[in-house]
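Student: Predicted model follows, preceded by the sequence.
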Amino acid sequence: MGVLKDHPELVLFASLALGYLVGKLRVGPLTLGGICGTLIVSLLLGAWTKARVSDDVKTVFFALFIFALGYMAGPQFFRNLNRKSLRFFVLCGIELVCVLGIALGLAKWFDLDVGTASGILAGAATESAVVGTATESIGKLSNLTPSQVTEYQGNVATAYTVCYLFGLITIVLYASQIMPMLMRINLRDAARDLWQRTRSQGSLEADERPALPGTVGRTYLVTTADGRTVGDLQDSLGDRITVESVKRGSRMLTPAPDLALTLSDLVLVVGRRANTIEAGRLIGPETAGVPGMDSALATKQVSITEKAHDGRSIDQLQTEYPEFRDDGVYVTDVVRGDQDLPANGDTVLQRGDVLTLVGARAGLDKLVARLGSVVRNDATDFIYLGLGIAAGSLLGQVVVKFGDVPMSLGTGGGCLISGLLFGWFRSRSQTFGAFPPQAASTIKDMGLAVFIACTGLVSGPQAWPLIKEYGALLPFAGIAMVLIPATLSLIVGRKLLGIEKPLLIGAIAGQQCSTPAITAVTQVAQSSVPMLGYTITYALSNFLLPLTGPVLVGILGH
């Protein structure tokens, strides 16, 4: 016991390991998740060992978490600020007003302290970030003694743990099982029908590859193109294919434009699939791959940074730059934010779009210099990361008074806004400020997990008395703060906003920021269609819900 108390780092990392192990335990469709598991374990270990980690550790890791959260959500958040997505914003507004109103009402009716009310809000809304923003705001209240600050911050964690469990169960069952029954739909069939209507907008999952890639290479045996030059062949196909190599007997020939083809030559053609098939009609029958004829093609991702290219189609771009034809370079993919667009000639490009170019290395290098810049996302830009977190910390210190109530975002709210802006600014060109998705996800998860573990260790000793004091109130609050906003959103989404039913279910899971709920919904639907609604509300709620912590503390604490 003495070793653990004297070395809190042992207890901290034991809480992470055991917490994530507990979080993996499954009961039916439910798992607690690593964060809730870590909080439960750290509360128990805190009560047993009395170990305590420095508050500075909590602050640093929470700043890392909240900045990474904003950075990852920023591009999607700002991209969704348009008329098409406006109706989904109403759902987030319903969530925000309901959870704040219910938390304030419960605090008044049951005379709850500011920590317990904040924990109920965080847990019932299943938004872990609120634990951090509320805890930090309580620490800034000038009318509390140090012992009261510690007590109330502990109450945040305890109330969160109980309410989160009941809120999680409620939103998973309500979204995946009860909502389809209320709307009288078979979620699987409804998702399939909607997918058929919008499948042109669909994209591949992370572990999928197209069965029919857009750019291909094929070898043909010359029978009908005898006497035609390579240049004539390419001109007859409208510059849409490239002859990469020609084999005559045992010799490899340079495919110069004036090279005349003869019977039995083997020709390697590269281009868009439809055009290479058409080339076979003009050349001769297709053959199997021939050793020694394969030509290595380089691939580069290029961000469109030049203003002159904004609003131009891929066809216009290829007409303007002869390197596409002369060097055999092709656009195989277009990505805007995290959305895959068709690489068709009529696709209109915007500044910040990322093109995947495939072709000979020399031609690629020339085109990249003229189109934009190579996307670099292989290592974290710690200059950008450090500046972003520093800017967020400074922003969080700004205090604005509403009447007699001083309000500030705190480090958490400031870093969240900073992360949103820095992530969005990076997405505009993607040539600076690299923060690879895996690195950002690791920092986000690690930051929150360490913060939650530190909070639980401090809160452990007073957890049981709080549970005994409020009894059934915490489970009731966890259920009510899910059912009320979710039901209102269901009615408003169908009757007033006309949101398609599978998208609406996904959007309600997103307004609750509940990954387990959307996982259960997609499993029932056997489709990722509900994710289309989830991503919009999830991005907005991820920004707005953490700000409810300082708002609630500011209202109740003065």
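Tutor: Perfect, I can see it now.
Student: How is the residue of the chain most remote from its centre assigned, secondary-structure-wise?
Tutor: For the chain, the largest distance from the centre (Cα atoms, centre = their mean) belongs to Gly227, which lies 55.5 Å off. Counting by DSSP: H, G, I helix; E, B strand; the rest coil, the backbone at Gly227 sits in coil.
Student: heads up, I number from 16, so please use that
Tutor: Noted, 16 is the first residue going forward, which turns the last one into Gly242.
Student: Need the pLDDT of Gly425.
Tutor: The per-residue pLDDT reported for Gly425 equals 67.
Student: try Ala522
Tutor: You'll see Ala522 listed with a pLDDT of 90.
Student: With adjacent residues omitted, what lies nearest to it?
Tutor: Among residues not flanking Ala522 along the chain, Gly548 sits closest, at 3.6 Å (Cβ to Cβ, 6 or more residues apart in numbering). The C-beta positions use only the backbone N, C-alpha and C, and glycine is treated the same way.
Student: what's the neighbour count on that neighbour?
Tutor: The local packing of Gly548 (other Cβ atoms under 10 Å) involves 27 other residues.
Student: how far away is it from Leu512?
Tutor: In this view, Gly548 and Leu512 are 11 Å apart by Cβ to Cβ, to the nearest Å.
Student: Which stretches in the stretch 266-415 of the chain count as helices?
Tutor: For the stretch 266-415 of the chain, the helices defined by DSSP state H, counting those that start in this stretch cover 288-298, 329-335, 338-341, 376-386, 397-411.
Student: Could you tell me the least trusted of those helices?
Tutor: Of all the helices of the stretch 266-415 of the chain, helix 338-341 has the smallest average pLDDT, which comes to a mean of 70.
Student: so which strand or helix has Ser152?
Tutor: helix 144-154 (DSSP states H and E).
Student: What is the subsequent helix or strand relative to that helix?
Tutor: Downstream of helix 144-154, the next assigned helix or strand under DSSP H and E is helix 161-188.
Student: rewinding a little: mind listing what the residue nearest to Ala522 touches?
Tutor: Contact analysis of Gly548 by Cβ atoms under 8 Å, 6 or more residues apart in numbering lists 103, 514-515, 517-522, 525.
Student: Am I right that it is in a strand?
Tutor: No. Assigned with three-state DSSP, Gly548 falls outside any strand and is helix.
Student: and the gap between it and Ala464?
Tutor: Distance, Gly548 to Ala464, using Cβ to Cβ: 28 Å.
Student: How many neighbouring residues does the residue lying closest to Gly448 once chain neighbours are set aside have?
Tutor: Of all residues not flanking Gly448 in the chain, Tyr399 sits nearest, at 3.6 Å (Cβ to Cβ, 6+ apart). Using other Cβ under 10 Å, Tyr399 has 17 neighbouring residues.
Student: my guess is Tyr399 meets Phe437, correct?
Tutor: Yes. Between Tyr399 and Phe437 there is a contact at 6.8 Å, judged by Cβ atoms under 8 Å.
Student: Please enumerate the shared neighbours of the two.
Tutor: By Cβ under 8 Å, 6+ apart, the residues touching both Tyr399 and Phe437 are Gly448.
Student: can you pull the pLDDT of the residue nearest to Gln168 when sequence neighbours are not counted?
Tutor: Leaving aside its sequence neighbours, Gln168 sits nearest to Thr150 (Cβ to Cβ, 6+ apart; 4.9 Å). Listed pLDDT for Thr150 reads 84.
Student: what do you get for Thr534?
Tutor: For Thr534, pLDDT reads 66.
Student: What of the one 5 residues further on?
Tutor: At Val539 the predicted local distance difference test score is 81.
Student: where does it fall, helix, sheet strand or coil?
Tutor: helix.
Student: so it makes contact with Pro195?
Tutor: Yes. If you go by Cβ under 8 Å, Val539 and Pro195 touch, sitting 7.4 Å apart.
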